[in-house]
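Chemist: model the structure of this input:
(one chain, ligands or ions: 2)
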Amino acid sequence: MKIAAIVSTKGGPGKSTVGANLGAFCADAGLRTLLIDLDNQPSLSSFYALSHEAPGGTYQLIAKNETRADQIISQTCIPNLSLIHSNDPFNQLSNLLLHAADGRLRLKNLMPAFESDFDLILIDTPPDQRYGWRCVFFTIAHDHPPCLAGLRARGLLD
Ligand SMILES: Nc1ncnc2c1ncn2[C@@H]1O[C@H](COP(=O)(O)OP(=O)(O)O)[C@@H](O)[C@H]1O
Ligand SMILES: [Mg+2]
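Modeler: Ligands and ions are numbered 1, 2, ... in the order given. Have a look, this model is predicted:
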């Protein structure tokens, strides 16, 4: 299973659009693809119609360590393309991760739960670089060196 995060310090350059299209392209090519919408403004979550909507989303994933598919994984109308939708309208998760003892590693530690069901995970991110999210993205990016080039170029990584 491969994991990629789409990251930018700015709002509006097209992160969610890239995530949605890349996800659909990969799903169409036969990869079992999971989109995770970590932006509390849920544009990726509303990009595609859903054939099945799970009761929970990113709040349950991050705050409750919930990984059961029937609880958090929605199915888009595109075959092979699933979604964990954003349901953090008050932007609580960033703060929660900042103060959690395992905040830097929590998202990374949740990923193996999806290994048997997905070939690819694409994570859409909010534009802010608040510490709670930033360390989570970097934890993932460190596992995937090609993701780092753009961050280094912008002085966001040592
Ligand atoms: N390649 C593109 N060409 C023109 N408009 C685009 C392109 N990519 C995204 N947009 C538009 O720009 C706006 C912001 O895109 P979005 O993906 O929501 O950005 P972000 O997730 O980075 O905030 C949206 O209205 C989207 O339709
Ligand atoms: Mg976006």
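
Chemist: which residues of this protein lie near ligand 2?
Modeler: Applying Cβ under 5 Å from the ion, one finds that the chain approaches ligand 2 through 15, 16, 39, 43. For the C-beta atoms, the positions are set from N, CA and C on the backbone; glycine is no exception.

Chemist: residues touching whichever residue of the chain sits closest to ligand 2, list them.
Modeler: The nearest approach of the chain to ligand 2 comes at residue 16, 3.3 Å away (Cβ to the ion). Residue 16 sits next to 6, 37, 39, 43, 44, 47, 124 when contact means Cβ atoms under 8 Å, 6 or more residues apart in numbering.

Chemist: kindly report the same for residue 93.
Modeler: Residue 93 makes contact with 38, 40, 58, 59, 62, 63, 132, 133, according to Cβ under 8 Å, 6+ apart.

Chemist: from what I can see the first one touches residue 123, true?
Modeler: Right, residue 38. Yes: here residue 38 reaches residue 123: they are 6.0 Å apart, a contact under Cβ atoms under 8 Å.

Chemist: check what pLDDT residue 152 gets.
Modeler: At residue 152, the model reports a pLDDT of 57.

Chemist: least confident secondary structure element in the protein?
Modeler: The helix or strand of the chain with the poorest confidence is helix 148-153; it has a mean of 54 (mean pLDDT, DSSP states H and E).
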